[in-house]
Structures are given as C-alpha cells and as structure tokens.
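Undergrad: Sequence first, predicted coordinates after that:
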Amino acid sequence: MAGKRREKKATTYFDYNLLFITIFLLCFGLVMLYSSSSYTSASKYGDSAYYLKLQLRNIIIGLIPMIFLAKVDYRVWKKFGVLAYLGSFALCTLVMIPIPGLTRSSHGQSRWIQLGPISFQPSEIAKLAVIIFLAMLIEKTSKQLGKFSSLVKVIAIMIPLLGVIAYSNLSTAVIIFGIIVCMLFVASPKYMQFIGVGVAGVAFIVVFIVTASYRGGRVEAWLHPETAGDAGYQTLQGLYAIGSGGLFGKGLGESLQKMGHVPESQNDMIFTIICEELGLFGAVCVILLFLLMIWRMMVIANNAQDLFGALLVVGVMSHIAIQVILNIAVVTNTIPNTGVILPFISYGGTSLIFLMAEMGLVLSVSKGIRLERIE
C-alpha cells in the first residue's frame, strides 16, 4: 500500500567478484605454469607435468585455509595478533640457525624449515602474521597515530622481525616493510611524516645490500647485465623473451626461451614467458586482472564493519600489489633481481598457500558488510 511505511532490512554480502578473480588467476596460473615448465620438467624429472601436479596439490591444500578463514568471523583473529607476531619471529629466528635435517638453504642463506616430507618458509608465514598483528595494534593506537612518536613506536616494534627476515631474505623484508608503511599510511591522519619513514626504509635496504656481497653483485648485474656474466644471464634471457613476444606473442606453448634459456621460468621469471607466448596484449590483461583484484579489495576495505577489518584488507591488498610490482619490475630489469614470485601464477608452495589464506581473510571481511534493502 502507498501509505504503508517502507522498512529497511540489512542483507549480508559476499564478494563473489573477488572470489572469481582469484579462481581465474589460479587457473590461468596452472596453464602458464605447465607451458613454462613442461620442458624443464621433462628433462629433469621425466614428466612434463611434474610442476603442474605439485602446483595443483598446493592449490588444493591452500583451499583448506582459504575456505576456513572465509567462514570464520575475522574479528576472532584479533585475539591472536601478539601470538602470531611472536610465533613468526621465533620461526624466522630458528631458520637462521643451520641445523642439519631441520633447515634448508638457498643462495647460501637458510630459508626453509624441513619437518619430514613437509618444508615451508617462515618468512611467508610472517607476512600474514604482520598483517593480523599490525591491524590489531593500529586499531588500539589509532587515536595516537597523528603523533610522529607514536608512528615511530609502532615501526620500532616491527624492526626485530624485519631485521631477522632481512638477514636471510631481503626481498621478503622489503615486501613486509611496504605492507607496514601502507597500513600505517591508511590509518594515519598525517601524511608528511611518512617522508622520514621512506628515507629510513631506503637506508635500511642500503645497509643490508652492503652487508652481503651477493646482493651487491645483483646490483652490478642490474646496472650492466650484458657484462655481468652468469649474474646477468637470467635478466638478459628474460628480456629476450619479452622482446620476442611482440604485440600478440608467439602463441600458447610456443616459447623458445623456456627451453633451458630462462632460469626459473616457472617461478620468478614466469611473466617473461607470458610476454613471449601471449605478447604485450596478454601481459596487459594479466596486469588488469591484478588491478581488478586490488579494486575489489579497496571496495571491501571502504565498506568494512570496523577499522580492524579494513586494515586486514589493506594489508593483503598491499602485499599483493607490492609483490606484483616488484616481480614485473625485476623481469623488465627496472630494479635489481630480488627473487619475488608473481602471486597466484608462479610456482610456489608456502607462498601460494598463505596467499590463498589471505584471500580467505578478505572474503571473511566482505561477509561483514551489510547492504540496506528497502521493502
């Protein structure tokens, strides 16, 4: 009836758009992983689908925490913020100690913990732990973040974990530092004070580059890859792959550079194979997909029920954005080689599982959004 009052009813929301984008990226990643790794898999393991099978296993494992975190109310994890920080700090400290049968090395640095048939990188766990802990900490101190001293205190709390991670894995420390800065930037009412934070961050990176000879070698290979010998080989071969792709590429599965020329073609350098096989058009489509994913997370963060939920989404969004930017910058030789994978597409175990867990956390926050429906 015309005279009857119309009531507003709240309906629950779930971001299926973000879910579909995530699933599409995972499926696209499987296709490109098989294409980029089939030659290496066949020559090293006698099975062209070796890496594909491992990645499929990792995705199935990753679905467990993703579905679990999507179903559980995200506010529960506020209670475990301190425990997450201390636990990740303990694991990252443990991995620094070379213990036969327990820790495993890469490039002369211990980065994996091995427990029987299971191995994982504590630094990947630390990314999720930092997002949860910092969201909790910022929510508690949000009214004081306008003071520069309060900002410094929050960063000081994070320095021990950053230092431990940077000792063995500078690229991960840079990503975590970027996550911290982005979350603080969103929560802080004053932006000029972040100039000092940026200067401190650059100084932090320079110190850790100088203290490790292999990092200095990477900078030299970045500046002069054509004269750097083996150190610049991966960069040059990646650039050849990108350049030979042209506008529309050679066609799916038609890459020549993946046949033993581009090291880690299924891992850090998979974007070069995308460029070679699908061309500039395919590369731009991949970038647009990530931009669409980030936009969906911005929508969720803006409409989150509380500051804690919004900061969780900002943390995950920052993680994915920074990692995509760093990976593409590395393969195009815009920055020195840092060994950063392309989220959801590159081959990875711990990294992929925890990225999917982070997406579950974002989907949980999206469930807290209430839409008003007039009846």
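TA: Happy to help now that I have it.
Undergrad: Quickly note the distance from Thr103 to Thr93.
TA: 11 Å (Cβ to Cβ, to the nearest Å). Placement of C-beta: from N, CA and C, glycine included.
Undergrad: And Glu264, by the same measure?
TA: Applying Cβ to Cβ to Glu264 and Thr93 gives a distance of 28 Å.
Undergrad: Which of the two has more residues huddled nearby?
TA: Glu264 (18 against 15; other Cβ atoms under 10 Å).
Undergrad: Does the more buried one touch Gln237 like I think?
TA: No: counting by Cβ atoms under 8 Å, Glu264 sits too far from Gln237 to count as a contact (10.4 Å).
Undergrad: List the buried residues of whichever strand or helix holds Phe177.
TA: Assigned by DSSP states H and E, Phe177 belongs to helix 170-187. For helix 170-187, a neighbour-count test (16 or more other Cβ atoms under 10 Å) marks 170-184, 186-187 as buried.
Undergrad: I'd like the mean pLDDT over that helix, please.
TA: Helix 170-187 carries an average pLDDT of 90.
Undergrad: Tell me the helices and strands packed up against that helix.
TA: Contacts defined by 3 or more Cβ pairs under 8 Å, 6 or more residues apart in numbering; DSSP states H and E place helix 170-187 against helix 122-141, helix 148-168, helix 194-210, helix 307-331.
Undergrad: cutoff 10 Å now
TA: helix 81-94, helix 122-141, helix 148-168, helix 194-210, helix 213-223, helix 307-331 (3 or more Cβ pairs under 10 Å, 6 or more residues apart in numbering; DSSP states H and E).
Undergrad: Quick one: name whatever helix or strand follows the longest one.
TA: Read that as helix 307-331. helix 350-367.
Undergrad: so what pLDDT did Ala301 get?
TA: So Ala301 comes in at 95 (pLDDT).
Undergrad: Count the neighbours of it for me.
TA: 21.
Undergrad: That one and Ala187 touch, don't they?
TA: No: counting by Cβ atoms under 10 Å, Ala301 does not reach Ala187; the two are 11.4 Å apart.
Undergrad: what's near enough to touch Ile113?
TA: Residues near Ile113 by Cβ atoms under 10 Å, 6 or more residues apart in numbering: 91-92, 94-95, 99, 102-104, 119-122, 125, 350.
Undergrad: switch to 8 Å and redo it
TA: 91, 94-95, 102-104, 119-122 (Cβ atoms under 8 Å, 6 or more residues apart in numbering).
Undergrad: tell me the secondary structure for it?
TA: strand (DSSP: H, G, I helix; E, B strand; the rest coil).
Undergrad: which residues does it bridge with?
TA: According to DSSP bridges, the partner residues bridging Ile113 are Thr103, Phe120.
Undergrad: Show the pLDDT at it.
TA: 81.
Undergrad: Test my guess that Val95 contacts Ile125.
TA: No: with contact defined as Cβ under 8 Å, Val95 does not reach Ile125; the gap is 10.4 Å.
Undergrad: neighbour count winner among those two?
TA: Legend: neighbour count by other Cβ under 10 Å for Val95 and Ile125, higher for Val95 (27 against 20).
Undergrad: Quick check: buried residues in stretch 243-262?
TA: Result for stretch 243-262 [16+ other Cβ under 10 Å]: buried residues 244-245, 249-250, 255, 257-258, 261-262.
Undergrad: now, among the residues you listed, which is nearest to Asp47?
TA: Nearest to Asp47 among the buried residues of stretch 243-262: Lys258, at 16.1 Å, using Cβ to Cβ.
Undergrad: what's the angle between the host helix or strand of Ile273 and helix 350-367?
TA: Assessed by DSSP H and E, Ile273 sits inside helix 270-302. Inter-element angle recorded for helix 270-302 and helix 350-367: 30 degrees (by axes from the mean of the first three to the mean of the last three Cα atoms, to 10 degrees).
Undergrad: What residues of helix 270-302 count as buried?
TA: Quick answer for helix 270-302 (16+ other Cβ under 10 Å): 270-279, 282-283, 286, 289-290, 293-294, 296-297, 299-301.
Undergrad: I'd like the contacts of Ile113 written out as a markdown table, with distance to Ile67 added.
TA: Converted to a markdown table, the contacts of Ile113 look like this (distance: Cβ to Cβ, whole Å):
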| residue | distance to Ile67 |
| --- | --- |
| Leu91 | 24 |
| Leu94 | 29 |
| Val95 | 28 |
| Leu102 | 31 |
| Thr103 | 31 |
| Arg104 | 29 |
| Ser119 | 24 |
| Phe120 | 20 |
| Gln121 | 23 |
| Pro122 | 24 |
